[in-house]
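Trainee: Sequence first, then the predicted structure:
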Amino acid sequence: MEFVIRKISIGTDYKNEAMHYSIGQQVYGGHEIFCIQECSDNSCVIYIKKSDEVMPWKKFNSNMAIAIEYDLEY
């Protein structure tokens, strides 16, 4: 079963110092976070979109503190 990731937070101090990335968030000069994918090696990749172009933007490996929020709309 595959779940859709809605938000990912990177960092050990979730409330004060973590970086938070959500689907639809505007980033990097007019790009929008298009999707967040969990990979088989326990890493996560954030894809961004501008116009019709989708590209990988950031990848976080399993050595980092990662909190994932899944989309509850199904």
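Mentor: Structure received.

Trainee: Which elements pack onto the helix or strand of the chain with the lowest mean pLDDT?
Mentor: Here the helix or strand of the chain ranked lowest by mean pLDDT, DSSP states H and E is strand 66-70, holding a mean of 92. For strand 66-70, the elements it packs on are strand 5-10, judged by 3 or more Cβ pairs under 8 Å, 6 or more residues apart in numbering; DSSP states H and E. Just so you know, the C-beta spots here come from the backbone N, C-alpha and C atoms, and that holds for glycine as well.

Trainee: Specify the angle between the strand it packs on and strand 66-70 in degrees.
Mentor: 160 degrees (axes from the mean of the first three to the mean of the last three Cα atoms, to 10 degrees).

Trainee: how far is strand 5-10 from where the chain is centred?
Mentor: 5 Å (Cα atoms, centre = their mean, to the nearest Å).

Trainee: Sheet partners, orientation included, of that strand?
Mentor: Sheet pairing of strand 5-10 (DSSP bridges) gives strand 19-22 (antiparallel), strand 66-70 (antiparallel).
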